[in-house]
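> Turn this into a model:
(one chain, ligands or ions: 1)
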Amino acid sequence: MSAKYIFVTGGVVSSLGKGLAAASIGCLLESRGLKVNLMKFDPYLNVDPGTMSPFQHGEVFVTDDGAETDLDLGHYERFTHAKLSRDNNWTTGRIYEQIITKERRGDYLGKTVQVIPHVTNEIKAAMKKVAQDVDVAIVEVGGTVGDIESLPFMEAIRQMRQELGREHTLFVHVTLVPFIAAAQELKTKPTQHSVKELLSIGIQPDILLCRTDRFLSKDIKGKIALFCNVEEEAVITAKDVASIYEVPVVFSHEGVDTLVLRYLRLEAKDRDLSKWEDIVHRVYNPKAEVTIGIVGKYVEYEDSYKSLKEALVHGALAHNLKLQVNWIEAEGLETGDRTYEEQLADYDGILVPGGFGKRGIEGMLIAIRYAREKKVPYFGICLGMQTACIEFARNVCGLAEANSSEFDPATPHRVIYKLRELRGVEELGGTMRLGAWPCKIEPGTLAHKIYGQLEISERHRHRYEFNREYEGTLTAGGLKISGSTPDGTYVEMIELPDHPHFIGCQFHPEFKSKPLEPHPLFKSFVGAAYEHGLKRRAEKAAAEVEMFHRPEKAGKR
Ligand code: GLN
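Numbers count the residues shown, from 1 in each chain. From the prediction side, this is the model:
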């Protein structure tokens, strides 16, 4: 049987959660025993988001095959079992790159190359590729209806309906129904306009997912249905929720899956969402809180660390904890009004995430030294592992000028340097060590205990690496290399055996964490942080009691 397609578009404004909506529909269909795949089209001209600023684009999500993709693919992987690759994310730039290569090769046999049919055919071929071997392919079109640059994608999905018919294609439109305080009313006009815009390019939506902060009454739903020419049942309240993991559950209450099955004439088993309901239950019923400090330079813009934040949430949920994350501006630790000790005192765990460039590095080193000396659980990811090695080289091994050649090309001690095989590569795009690499773990290490196995595979995105020339010095100082590539070339994990929980990894474990399968490194780090927090609070309370009873003595200690 050929796959059915669900096309997800968005209207009115961006950031309505189209990606989450697509992921949640995928999750719901899987709960019915169907096999799904998901893909996203991004209408911008960059070939991929790899070279875009995190402020512009948010996180670059890396797949196993090393594609640098849109962060919505992270949602797809977290919510479903779909295996994603570079086939699952296409930008206009990449579609055109493909077409221009063909044109130069003479593949078009002298024909004029045009948006219709050449660009649209390329787009349709990309959709069909991900639809092999699944029951349903969910295709998200980035941007907002009405954008000039998304038109070829809209035209392609219109043609898909024409080609395959109603029973094989479904149009889901995500729109906004704002509550206007002055009128004390929910307003349907933006949705009407958005649907009108879609109709003008030949697409009649089947289901409207209405983002709103309150439930839509039967009257409102009836009004939207009438004006937008959809069934009343197909006007869905997509209410704001506190946790993104609640979205599939909310959609199930609104009957989204039943509707999809009916429209696409799909047979499926009864829904089983119990595991997701359990996650939602945990979100709302934590036993306690854990506070993690993330020291980085992109702190103003949380989207740049989407997967990281979610992975920490998964780690916390695994222990029934509520996660409190504070983003600490790395530069502020060097220059802030409060001392770094004051700024770092109230964290149960400290994390330095991935990052690029020199800014904030010295602040990160301060935070790492603090975590190492005060025995606060530390987790360093990619840049966070590299900085942990630099800190150790400087403050434990006496190499005061140790650095990464990324931050100081002239350093006498390049503890971190550029991957040898990439030296001399000047272009920025696509020159990193990317995607899944196998890693062998040292038996008996904390990493071994955490993973419970000796062979793992994790995803990478970096240019620089640990310099094995310093291995002897650093290990003599007490640092343990706990994971390497099987051929021994690359150091993948480090730890400090005389610290309760100090781990660094060159890869990005956050890309593989899911709410239902929390990543072992995050689960372990958050668990250790919680334990540390209990101890920290008990010591603080004891010190306060002592201060109260014997202020002269307490002060002197
Ligand atoms: N800037 C470092 C490198 O390129 C770390 C990269 C990262 O943290 N993703 O190796």
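> Of all the residues in stretch 496-508, which ones are buried?
L496, H499, H501, F502, I503, G504, C505, Q506, F507, H508 (16 or more other CB atoms under 10 Å). C-beta: built from backbone N, CA, C; applies to glycine.
> swap in stretch 13-27?
So for stretch 13-27, counting by 16+ other CB under 10 Å, buried means L16, G17, K18, G19, L20, A21, A22, A23, S24, I25, G26, C27.
> ok, now which ones touch the closest residue to Y263 other than its chain neighbours?
In space, and not counting its chain neighbours, Y263 is closest to L170: 5.3 Å by CB to CB, 6 or more residues apart in numbering. L170 makes contact with K4, Y5, I6, F7, D206, I207, V260, Y263, L264, according to CB atoms under 8 Å, 6 or more residues apart in numbering.
> Mind checking which of those are in helices?
Taking DSSP state H as the definition of helices, the contacts of L170 contribute V260, Y263.
> just the buried members of the contacts of L170?
Buried members of the contacts of L170, scored by 16+ other CB under 10 Å, are K4, Y5, I6, F7, D206, I207, V260, Y263, L264.
> Redo those as JSON lines? Include pLDDT.
Output for the buried ones among the contacts of L170, formatted as JSON lines (pLDDT from 0 to 100):
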{"residue": "K4", "pLDDT": "97"}
{"residue": "Y5", "pLDDT": "98"}
{"residue": "I6", "pLDDT": "98"}
{"residue": "F7", "pLDDT": "98"}
{"residue": "D206", "pLDDT": "97"}
{"residue": "I207", "pLDDT": "97"}
{"residue": "V260", "pLDDT": "97"}
{"residue": "Y263", "pLDDT": "97"}
{"residue": "L264", "pLDDT": "97"}
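> S405 contacts T411, correct?
Yes. S405 lies in contact with T411 (CB atoms under 8 Å); the separation is 6.5 Å.
> which one of these two has more residues nearby?
When neighbours are counted by other CB atoms under 10 Å, S405 and T411 differ, and T411 comes out ahead with 18 against 15.
> Just give the closest residue to the more buried one, not the sequence neighbours.
N403 (3.9 Å).
> G527 too?
H319 (5.4 Å).
> which SSE is the residue nearest to Y263 in?
Taking DSSP states H and E as the definition, L170 sits inside strand 169-176.
> The residue nearest to Y378 when sequence neighbours are not counted and I203: what is the separation?
Distance criterion CB to CB, 6+ apart; nearest residue to Y378, sequence neighbours excluded, is A371 at 3.9 Å. From A371 across to I203, the span is 53 Å (CB to CB, to the nearest Å).
> The helix or strand in which I481 is found pairs with which strands, parallel or anti?
Element membership of I481, judged by DSSP H and E, is strand 480-484. Strand 480-484 pairs in its sheet with strand 433-441 (antiparallel), strand 491-495 (antiparallel), by DSSP bridges.
> which intervals of the chain have sub-threshold pLDDT?
1, 298-302, 336, 420-430, 551-557 (pLDDT under 70).
> near the ligand, which residues of it?
The chain has residues G354, G355, F356, C382, L383, Q386, E406, R461, H462, R463, Y464 near the ligand, with proximity defined as CB under 6 Å from any ligand atom.
> contacting residues for the third one?
By CB under 8 Å, 6+ apart, F356 lies in contact with L383, E406.
> quick one on the thing from earlier: looking at A371 and I203, which is more packed in?
A371 (28 against 20).
> hmm, back to that, any chance of the residues of the chain next to the ligand in a markdown table, with secondary structure too?
Below are the residues of the chain next to the ligand laid out as a markdown table (DSSP: H, G, I helix; E, B strand; the rest coil):
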| residue | secondary structure |
| --- | --- |
| G354 | coil |
| G355 | coil |
| F356 | coil |
| C382 | coil |
| L383 | helix |
| Q386 | helix |
| E406 | coil |
| R461 | strand |
| H462 | strand |
| R463 | coil |
| Y464 | strand |
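> Out of those residues, the closest to A311 would be?
G354 (12.1 Å; CB to CB).
> in the stretch 351-500 of the chain, which spans are strands?
Assigned by DSSP state E, counting those that start in this stretch, the strands in the stretch 351-500 of the chain fall at 378-381, 402-404, 413-418, 433-441, 455-462, 464-466, 480-484, 491-495.
> what's in contact with the first one?
It stands for strand 378-381. Strand 378-381 is contacted from outside by 308, 349-354, 368, 371-372, 386-388, 499, 501-505, 507-510, 521-522, 525, using CB under 8 Å, 6+ apart.
> separation between the residue nearest to G527 and the ligand?
Relative to the ligand, H319 is positioned 26 Å away (criterion: CB to the nearest ligand atom, to the nearest Å).
> tell me the contacts of that residue?
By CB under 8 Å, 6+ apart, the residues touching H319 are K287, V290, K523, V526, G527, Y530.
> ok, now which ones touch D64?
Counting by CB under 8 Å, 6+ apart, D64 has contacts K83, L84, S85, G435, A436, S457, R459.
> Using a markdown table, lay out the residues you listed together with distance to S304.
Listed next are those as a markdown table, based on distance: CB to CB, whole Å:
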| residue | distance to S304 |
| --- | --- |
| K83 | 25 |
| L84 | 20 |
| S85 | 23 |
| G435 | 20 |
| A436 | 22 |
| S457 | 25 |
| R459 | 17 |
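> of the residues of the chain next to the ligand, buried ones?
Of these, these count as buried by 16+ other CB under 10 Å: G354, G355, F356, C382, L383, Q386, E406, R461, H462, R463, Y464.
> so the first one sits right up against L383, yeah?
Yes. Using CB under 8 Å, G354 is in contact with L383, at 5.1 Å.
> buried ones in the longest helix seen in the chain?
In the chain, taking DSSP H as the definition, the longest helix is helix 520-549. Buried residues in helix 520-549, defined by neighbour count with 16+ other CB under 10 Å: 520-533, 536.
> cool, stretch 360-373 as well?
Buried, per 16+ other CB under 10 Å, within stretch 360-373: G360, I361, G363, M364, L365, I366, A367, I368, R369, Y370, A371, R372.
> Other residues contacting that stretch?
So stretch 360-373 is in contact with 293, 295-297, 328-334, 340-341, 344, 350, 352, 376-378, 380, 383-384, 387-388, 390-392, 394-395, 407, 496, 499, 502, going by CB under 8 Å, 6+ apart.
> Now the buried members of those residues.
Neighbour-count burial (16+ other CB under 10 Å) applied to the contacts of stretch 360-373 gives 293, 295-297, 328-333, 340, 344, 350, 352, 376-378, 380, 383-384, 387-388, 390-392, 394-395, 407, 496, 499, 502.
> for the stretch 151-300 of the chain, what spans make up the strands?
Under DSSP E, counting those that start in this stretch, the stretch 151-300 of the chain gives strands at 169-176, 179-180, 185-186, 207-212, 235-239, 288-296.
> How about the stretch 201-350 of the chain: which residue is closest to the ligand?
For the stretch 201-350 of the chain, the residue closest to the ligand is G296, as judged by CB to the nearest ligand atom, at 9.8 Å.
> Just give the closest residue to A400, not the sequence neighbours.
Closest to A400 by CB to CB, 6+ apart is R394, at 5.6 Å.
> residues contacting G478?
V396, L496, P497, D498.
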